[in-house]
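Engineer: Task: produce atomic coordinates for the following.
(one chain, ligands or ions: 2)
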Amino acid sequence: MQKDFLSILDLTSDELSGCLDLAARLKADRPLRRNAPTANALEGRHVAMLFDKPSLRTMATFEIAVRELGGEIIEPPADSTLGGREALSDVALNLERWVAAAIIRTFAQARLVEFARVTSRLHVVNALSDAEHPCQALADMLTLRERWGALDGRVLTFVGDGNNVATSLAQAGAMLGLRVRVASPDGYQLSNHIVEAATAGGRLGSIERFVDAGEAVAGADAVYTDTWTSMGQEDESAARRRAFQPYQANAALLAKAKPDAVFMHCLPAHRGEEVTDEVIDSTASIVLEQSENRLHTEKALLAMLLAERR
Ligand code: CP
Ligand code: NVA
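Structural biologist: Ligands and ions are numbered 1, 2, ... in the order given. Next up is the predicted model:
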């Protein structure tokens, strides 16, 4: 396994499947608490959380994950680490002397790549960048596997912005054999290089882009959406509300999917914008299963990443 987890593409498909297998075992073992086989996996090791943007799920689940694996968390303030007080490379090289891993949420993916590049031992985990949200995709794949068993050939349709969440979802889905469809307005589509890289090398699954949301949802097994205005894009929210209105996950759109289709969202949801109450509160909605599985998949990820090098 590579030193860092900055992208789903940092994993082989076997590593991705292995991470989901381990997450399922850790989920089953959780009631054992301190008697779980992995309760001391990170004993004596520290993990730094560096967050440049708000978070509920990612922050909470990583903190709990580290503690349940027997490790310790430090949370130096973002203005002392990512805010330009000193060079990012100096922050990384200092942290490497104290901690085993840094879990980072920031804007440009390039900042994560730089952090990872200058360190030789520090494991860097992408807790969301403008470009990718790989930890979310791990939880999403576990959630679908729990629901369906094998993923091969299932149709997963994402409606909305082709940015971070859609990118990681499409990468993981293509790796595990899903037929991923992504419907976005012109100007907000997944880019060619993302689709090409995610489907290169004989992937089992596929990625297809659409402009028409109804066409993309027709016959889907799962419908997924995300906010129309991601963190850092608040100045664009009026234009985005107009562009994405036809992509709202409402009852009429969901009616085009298979009758037993599930609804997914990474959260936080903006009820009445990208999703209606009726859909997110329906029995088809598995958003809280996704949220719960953030914990189990992140425990598995940390156990795998930190097990290999000390
Ligand atoms: N889905 C997700 O990453 O949620 P947070 O922004 O609350 O961490
Ligand atoms: N696309 C959203 C995801 C939040 C988890 C954002 O970047 O704000």
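Engineer: C-alpha from now on. contacts and neighbour counts both.
Structural biologist: Will do.
Engineer: How many residues are close by the closest residue to ligand 2 within the stretch 151-300 of the chain?
Structural biologist: Closest approach between the stretch 151-300 of the chain and ligand 2, counting by CA to the nearest ligand atom: S230, at 3.4 Å. Neighbour count of S230, defined by other CA atoms under 10 Å: 15.
Engineer: quick one: it and H270, what's the gap?
Structural biologist: Note on S230: its distance to H270, by CA to CA, to the nearest Å, is 11 Å.
Engineer: contact partners of the helix or strand of the chain with the lowest mean pLDDT?
Structural biologist: The helix or strand of the chain with the lowest confidence, counting by mean pLDDT, DSSP states H and E, is helix 78-81 at a mean of 91. By CA atoms under 8 Å, 6 or more residues apart in numbering, the surrounding residues in contact with helix 78-81 are 50-52, 85-86, 88, 91.
Engineer: Please apply the same query to stretch 264-280.
Structural biologist: 136, 160, 165, 222-228, 241, 244-245, 247-251, 254, 263, 285-287, 290-291.
Engineer: where does the chain come near ligand 2, residue by residue?
Structural biologist: 130, 164-165, 227, 230-231, 266-267 (CA under 6 Å from any ligand atom).
Engineer: go with 8 Å
Structural biologist: 55, 128-130, 133, 136, 161, 163-165, 226-232, 266-268 (CA under 8 Å from any ligand atom).
Engineer: Got a ChimeraX select line for the buried ones in those residues?
Structural biologist: To isolate the buried subset of these in ChimeraX, counting by 16 or more other CA atoms under 10 Å, use the following:
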select :128,129,130,133,136,161,163,164,165,226,227,228,229,266,267
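Engineer: Can you tell me how far the closest residue to R30 other than its chain neighbours is from ligand 2?
Structural biologist: Of all residues not flanking R30 in the chain, A36 sits nearest, at 6.7 Å (CA to CA, 6 or more residues apart in numbering). A36 sits 30 Å away from ligand 2, going by CA to the nearest ligand atom, to the nearest Å.
Engineer: Report the separation between A110 and ligand 2.
Structural biologist: 16 Å.
Engineer: Same question for L301.
Structural biologist: The spacing between L301 and ligand 2, counted by CA to the nearest ligand atom, is 18 Å.
Engineer: okay, now that residue: neighbour count?
Structural biologist: The number of residues near L301, taken as other CA under 10 Å, comes to 24.
Engineer: how far out from the middle of the chain is the helix or strand harbouring it?
Structural biologist: Using DSSP states H and E, L301 maps to helix 287-308. Counting by CA atoms, centre = their mean, to the nearest Å, helix 287-308 is centred 10 Å from the centre of its parent chain.
Engineer: So which other helices or strands are in contact with it?
Structural biologist: Contacts defined by 3 or more CA pairs under 8 Å, 6 or more residues apart in numbering; DSSP states H and E place helix 287-308 against helix 13-29, helix 57-68, helix 134-148, strand 262-265.
Engineer: and P185, which of those is closest to it?
Structural biologist: strand 262-265 (18.6 Å; CA to CA).
Engineer: Pull that closest one out as PDB, backbone CA atoms only.
Structural biologist: C-alpha atoms of strand 262-265 as PDB (Å, rounded to 0.1, in the frame of the first residue of the first chain):
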ATOM      1  CA  VAL A 262     -31.700   3.800  -2.800                       C
ATOM      2  CA  PHE A 263     -31.000   7.500  -2.200                       C
ATOM      3  CA  MET A 264     -27.600   8.600  -1.100                       C
ATOM      4  CA  HIS A 265     -26.000  11.900   0.000                       C
END
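Engineer: need the next SSE after that strand, C-terminal direction.
Structural biologist: As assigned by DSSP H and E, the chain's next helix or strand after strand 262-265 is helix 277-280.
Engineer: mind exporting that following helix as PDB, just the C-alpha atoms?
Structural biologist: Extracted as PDB, the C-alpha positions of helix 277-280 are listed here (Å, rounded to 0.1, in the frame of the first residue of the first chain):
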ATOM      1  CA  ASP A 277     -37.400  16.400   2.600                       C
ATOM      2  CA  GLU A 278     -39.600  13.800   1.000                       C
ATOM      3  CA  VAL A 279     -36.700  12.000  -0.600                       C
ATOM      4  CA  ILE A 280     -34.000  12.300   2.100                       C
END
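Engineer: how about that helix: buried residues?
Structural biologist: Within helix 277-280, the residues scored as buried using 16+ other CA under 10 Å are 279-280.
Engineer: average pLDDT across it?
Structural biologist: The predicted model assigns helix 277-280 a mean pLDDT of 98.
Engineer: That helix vs ligand 1: in contact?
Structural biologist: No - counting by CA under 8 Å from any ligand atom, ligand 1 has no neighbours in helix 277-280; the shortest distance is 14.7 Å.
Engineer: Kindly report the residues of the protein close to ligand 1.
Structural biologist: Neighbours of ligand 1 within the chain, by CA under 8 Å from any ligand atom: 54-60, 127-128, 133, 135-136, 266-268, 291.
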